[in-house]
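> Fold the following.
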Amino acid sequence: MDIVWIPGKKDLQFASYRLRCWYFHQELIKRGISSRIYRHGRFPKADIVILQKVYSDSFLKLAFELKSQGTRLVYNLSDIAPPGTVNFAGTIQLLSIADQVITCSRFLGESFVNRYNPSWSVVEDPYDFCLPAPPTIRQGRQPTVFWHGFFKNKRLFIDPIQSHLGFSMFAWTDSSQPPWSLKDLPKVMSQYEIGFAPLPLENIFVYGKSSNKVVGYMAAGLAVIASDHPAYREVIVSNENGYLGRTVGDFNAAYEQLRDPILRQDVSQRGYETVVRDFSITALTEKLLETLQA
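Here you go, the predicted model:
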């Protein structure tokens, strides 16, 4: 099996490329499976081509040529492209001609992909890293709270509710000094006890987001408070391995419960176990291969 990935950008450090292309590519190579990432030049021989976030006419032309040659086309979808944009038009064309679509969540498949291609499967984002065991939760009743992401998302997701939260929070962004980095993320997160993942649920486009933020928090041993978002709902059972809410009041109520150190430890342990069981790159590569071989 020869697999070639076509990512839309050369920089694979962004979450969707890193988690849905680079990590799977590396794991496939470890298993002795031919996997390459296409950059430029002559296109290599491939049985399966996996495309992600490619919209331009040149990539569309390449996709049609490959399909005419009998290459199996897989479209790897990690979000919803806004209607009326060039990205949307290119996405719809590729969804329509793909032999198989892989989505990061069931909601994305059911609510968006299914309109254009019924042949879709879910392969979730794996976690970036995982501690050998969850850290021991500190005993204080003022647990520390952490959020990370792009500064533009802080403005959209955090700033509008900041003054209404009943707890303080450290937000680490690309505008912080030092700016957030993947390399330092595990060390920084280990200093906190709760991972916070609010989303503006009135914005339809956030519903295409994957579960990777809450999965990352849980992998690091943090208890999670998150918006009641469909992809998060696929991971979190509220009041068991994390907390889901729709309002600031819900977030504050969850924080009040997590003041209890024993409950906090229990929730973080269950979250960690959920991720180890379901979101390792090993388990999800098996799921990817099953999908590709179906």
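> The stretch 51-200 of the chain: helices as residue ranges?
Using DSSP state H, counting those that start in this stretch, the helices of the stretch 51-200 of the chain run over 57-68, 86-97, 106-111, 151-153, 185-189.
> centre of the chain versus the helix or strand that contains Tyr243, how much separation?
Assigned by DSSP states H and E, Tyr243 belongs to strand 243-245. Offset of strand 243-245 from its chain centre (CA atoms, centre = their mean, to the nearest Å): 18 Å.
> export the helices of the stretch 51-200 of the chain to a markdown table and tack on distance to Ser35, mean pLDDT and mean neighbour count?
Where C-beta positions appear, they are placed from N, C-alpha and C, glycine not excepted. Listed next are these as a markdown table, based on distance: least, CB to CB, whole Å; pLDDT from 0 to 100; neighbours: other CB atoms under 10 Å:
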| stretch | distance to Ser35 | mean pLDDT | mean neighbour count |
| --- | --- | --- | --- |
| helix 57-68 | 16 | 89 | 14 |
| helix 86-97 | 20 | 86 | 17 |
| helix 106-111 | 24 | 91 | 18 |
| helix 151-153 | 31 | 92 | 15 |
| helix 185-189 | 26 | 89 | 16 |
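> and Thr274, which of the ones you listed is closest to it?
Checking the helices of the stretch 51-200 of the chain against Thr274 by CB to CB gives helix 106-111 as the closest, at 16.2 Å.
> which other helices and strands contact that closest one?
strand 120-122, helix 230-233 (3 or more CB pairs under 8 Å, 6 or more residues apart in numbering; DSSP states H and E).
> what's next to the last one, contact-wise?
Looking back up the chat, that one is helix 230-233. Residues external to helix 230-233 that are found in contact with it (CB atoms under 8 Å, 6 or more residues apart in numbering): 104-108, 197, 207, 209-211, 214, 226, 244.
> returning to that earlier point: can you list the helices of the stretch 51-200 of the chain in a markdown table and add distance to Arg233?
A markdown table is the format used below for the helices of the stretch 51-200 of the chain (distance: least, CB to CB, whole Å):
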| stretch | distance to Arg233 |
| --- | --- |
| helix 57-68 | 33 |
| helix 86-97 | 24 |
| helix 106-111 | 8 |
| helix 151-153 | 20 |
| helix 185-189 | 23 |
